[in-house]
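Asks: could you look at this predicted model? Sequence included:
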Amino acid sequence: MPFSRQAAIFDRRFVRHLWHLTSIYWRSPDNLRGAGLLALCIAGELSTVYGNVRLAMAQGQVFDAVQEKHWPSFLTAIEWFLATALVVVFVSTYRIYVRNILQIRWREQLTDYFLGEWMGPHAYLHRELHHDETDNPDQRISQDVQSYVASALGLSLSFLSAIATLVSFAGILWTLSGTWPLRVAGYEFWIPGLMMWVAILYALISTYLTHRVGRSLVSINFDRLRFEADFRYGLVRFRDHVEPVALARGEDVEHEGARRRFRSVILNWWQLIIAQRNLTLLTSGIGQANGIVPLLVAAPAFFAGRMTLGAVTETQISYGQVSGALSWFVDAYQEIAAWRASIERLATFAETLDATREQLCRGDGIRVETGAADALSFVHLALSRADGQVLADDLNATVQAGQKVALLGPAGLVKTTLFRAVAGIWPFGKGSIELPAQAYPLFLPTQPYLPIGTLREAISYPSQAGTFTDAQITTVLHLLDLDHLTTRLDDSEPWDEQLSGDEQQRLTFARAFLHEPDWIVMDDATGALDEEMEKRVYELLQQRLPKTTVLSITNRATVAPYHQQRWAMVPGDGGHAVLESA
């Protein structure tokens, strides 16, 4: 169910999502250590509340001594107050310290969970199926996880503290205000626990008004995270493609696009600051007015001689603590609204990841299976778009182990989709693809992927750096005329920007020669090479990997002579592509 902009702060959807996200950590391997840290956090909160009770009592003793003008009692009260304050400061400091430890451990486990869910075989499908529903997964994993964990701990512990404060100070406040006289029309009467009822009434009215004024913050914060992420992603995308933009003279278009995305940020920011202004005016006014309430109510009893100055002070402190506890929702409203937005973004992300995985596991699309024969086979294979539109139908073909096969066809005729289906990342369609049981395949796309890190890591990918010796790496680089890179193996650079397109493609073939796969499936993997280098690559494949099966999917007829068989993808009846063997 999609997120409603009119969603309440707390509803069944919120509770379900909160339970799901919270259970991720408490079912993780770190849950026992986390439980110990949480117990220390709870002990710290309760100890701090108890310390505040003792401080209030100590302050009452100080002012009683002042009223009585008794110097020894004053010094004793001050000493007791300072000793109590020192303990409270120590406990309060380590309470935050332990909370921060639990927060980073919780964030670590939750981030690991989402990284594992996102960076899997279904990540590509998630982008195809749900890119409109779950924008900016990178921001959800980095920023939203951090915000969710920080608020989950902060709000829950502050709520616990509010309850403990209410319980601790309510008795004091009830006792102190139990004998205050009220005079109406010449009659004097008493209301047991008067200040408690005043605090409760004030908190109920404040909570209602705060919710009425601030409820729009949920949807505004939800949009804020999305607009900020869209703006940042556009800047990162420009940074990563600055050369093609410059070559196309597209700076003005990119600038206008960035300004358009930033205008959404600004409009949302105006909505946010206006909503925050209105809420802050209300909560600040409530807070200021609330500070004078206990003095106004207690003044008649003090002037009538029924209360000491210390009792008035203690009443004011106790009322402030009780009122603050009862007004927890008012004070935490803005953070709760932002927290709700983070929970919604993470929960919907998790739901769509689950939906993608279920679709992948359901098996009602293309089936990638292990065949009995040592061959790659297409069996009544049909390819579709994610929306169901059929692209190719009834493809049947077999590549025997050790063969070199070229699959040719015009640009745009589903060849890349077939490449993705063979790789197991495109389930849209029907039929099956059978792979050899013990095959170790390597898939080479048109645009090579070079990970962040050193050149040694890039050339060893997906194996770890150190898998191959310097001599092995140097040899394959020499074969592909990449000798100028042999001295830069430990340099850390953005290699997708440092290397030209043909150098990147040659680097991926260097990977192939190092890994020596049983099968190589290519999607126009030599498209950036000139004919001479393309010829050398295929000759090297034959020399160094003579037993490796090669399926070259491309629109370049120049590769055909380097293969034993030639297939063609051509338009068929009804606009569907069909496969023909030459």
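Replies: Looks like it arrived, so ask away.
Asks: look up how far Pro427 lies from Trp328.
Replies: Computed as C-beta to C-beta, to the nearest Å, the Trp328 to Pro427 distance reads 49 Å. Quick note: C-beta positions are derived from backbone N, CA and C, even for glycine.
Asks: show me what counts as buried in stretch 249-265.
Replies: 254, 261-262, 264-265 (16 or more other C-beta atoms under 10 Å).
Asks: could you dump that stretch to CSV, C-alpha only?
Replies: Extracted in CSV, the C-alpha atoms of stretch 249-265 (Å, rounded to 0.1, in the frame of the first residue of the first chain):
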residue,chain,number,x,y,z
ARG,A,249,27.9,21.2,-25.1
GLY,A,250,25.1,20.2,-22.7
GLU,A,251,26.2,22.4,-19.8
ASP,A,252,23.2,24.7,-20.1
VAL,A,253,20.7,21.8,-20.1
GLU,A,254,22.4,20.2,-17.1
HIS,A,255,22.4,23.5,-15.3
GLU,A,256,18.7,24.0,-15.9
GLY,A,257,18.0,20.5,-14.8
ALA,A,258,19.9,21.0,-11.6
ARG,A,259,18.2,24.3,-11.0
ARG,A,260,14.8,22.7,-11.6
ARG,A,261,15.5,19.9,-9.0
PHE,A,262,16.8,22.5,-6.6
ARG,A,263,13.6,24.6,-7.0
SER,A,264,11.8,21.5,-5.7
VAL,A,265,14.1,21.6,-2.7
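Asks: for that stretch, what is the average pLDDT?
Replies: Across stretch 249-265, the average pLDDT comes to 84.
Asks: contacts for it next, please.
Replies: 224, 227-228, 230-231, 234-235, 238, 245 (C-beta atoms under 8 Å, 6 or more residues apart in numbering).
Asks: of these, closest to Ser323?
Replies: Arg224 (31.1 Å; C-beta to C-beta).
Asks: which residues touch the helix or strand that contains the closest one?
Replies: According to DSSP states H and E, Arg224 maps onto helix 217-240. With contact meaning C-beta under 8 Å, 6+ apart, helix 217-240 is reached by 3, 5-7, 9, 135-136, 138-139, 143-144, 245, 254, 257-258, 261-262, 264-265, 268-269, 271-272, 275-276, 279, 333-334, 337-338, 340-342, 344-345, 496-497.
Asks: adding secondary structure, write the buried residues of stretch 249-265 out as a markdown table.
Replies: A markdown table is the format used below for the buried residues of stretch 249-265 (DSSP: H, G, I helix; E, B strand; the rest coil):
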| residue | secondary structure |
| --- | --- |
| Glu254 | helix |
| Arg261 | helix |
| Phe262 | helix |
| Ser264 | helix |
| Val265 | helix |
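Asks: which one is Thr165 nearest to, not counting chain neighbours?
Replies: Leaving aside its sequence neighbours, Thr165 sits nearest to Ala325 (C-beta to C-beta, 6 or more residues apart in numbering; 4.3 Å).
Asks: show me what contacts that neighbour?
Replies: Here Ala325 is in contact with 161-163, 165-166, 169 (C-beta under 8 Å, 6+ apart).
Asks: picking that back up, of Trp328 and Pro427, which one has the most company?
Replies: Between Trp328 and Pro427, Pro427 has the larger neighbour count (other C-beta atoms under 10 Å), namely 23 against 19.
Asks: and that one, that one's in a helix?
Replies: No: looking at Pro427 with three-state DSSP, it is coil, so not inside a helix.
Asks: how much space separates it from Glu434?
Replies: Taking C-beta to C-beta, one finds Pro427 at 15 Å from Glu434.
Asks: re the thing from before, how close does the residue nearest to Thr165 get to Gln564?
Replies: Distance from Ala325 to Gln564, by C-beta to C-beta: 81 Å.
Asks: do Lys430 as well
Replies: Taken as C-beta to C-beta, the span from Lys430 to Gln564 is 29 Å.
Asks: same check, this time on Ile141
Replies: Counting by C-beta to C-beta, the gap from Ile141 to Gln564 is 46 Å.
Asks: what do you get for Ile78?
Replies: 97 Å.
Asks: between the two, point out the one with more neighbours.
Replies: For Ile78 versus Gln564, neighbours defined as other C-beta under 10 Å are more numerous around Ile78 (14 against 11).
Asks: which elements pack onto the strand or helix carrying that one?
Replies: In the assignment (DSSP H and E), Ile78 maps to helix 71-118. If you count contacts as 3 or more C-beta pairs under 8 Å, 6 or more residues apart in numbering; DSSP states H and E, helix 71-118 packs onto helix 12-26, helix 31-68, helix 145-176, helix 333-362.
Asks: got the angle between that helix and helix 333-362?
Replies: Per axes from the mean of the first three to the mean of the last three C-alpha atoms, to 10 degrees, the angle that helix 71-118 makes with helix 333-362 is 20 degrees.
Asks: from here on, count from 26
Replies: Yep, numbering from 26; the last one is helix 96-143 now.
Asks: show the average pLDDT along helix 96-143.
Replies: Taken as a whole, helix 96-143 carries a mean pLDDT of 86.
Asks: now swap in stretch 370-386 and tell me
Replies: Mean predicted lDDT for stretch 370-386 stands at 77.
Asks: about what we covered before: with the buried residues of stretch 274-290 in mind, which one is nearest to Ser402?
Replies: Of all the buried residues of stretch 274-290, Ser402 sits closest to Glu279, with 45.7 Å by C-beta to C-beta.
Asks: mind checking how far Ile298 is from Ser289?
Replies: For Ile298, the distance to Ser289 (C-beta to C-beta) stands at 15 Å.
Asks: repeat that for Ser48.
Replies: For Ser48 relative to Ser289 (C-beta to C-beta), the value is 34 Å.
Asks: who's the closest residue to Ala582 other than its chain neighbours bridged to?
Replies: Closest residue to Ala582 in three dimensions, ignoring its sequence neighbours and counting by C-beta to C-beta, 6+ apart: Leu433, at 6.2 Å. With beta bridges defined as DSSP bridges, Leu433 has these partners: Thr579, Ala593.
Asks: now do the same contact list for Leu433.
Replies: Counting by C-beta under 8 Å, 6+ apart, Leu433 makes contact with 579-582, 584-585, 591-594.
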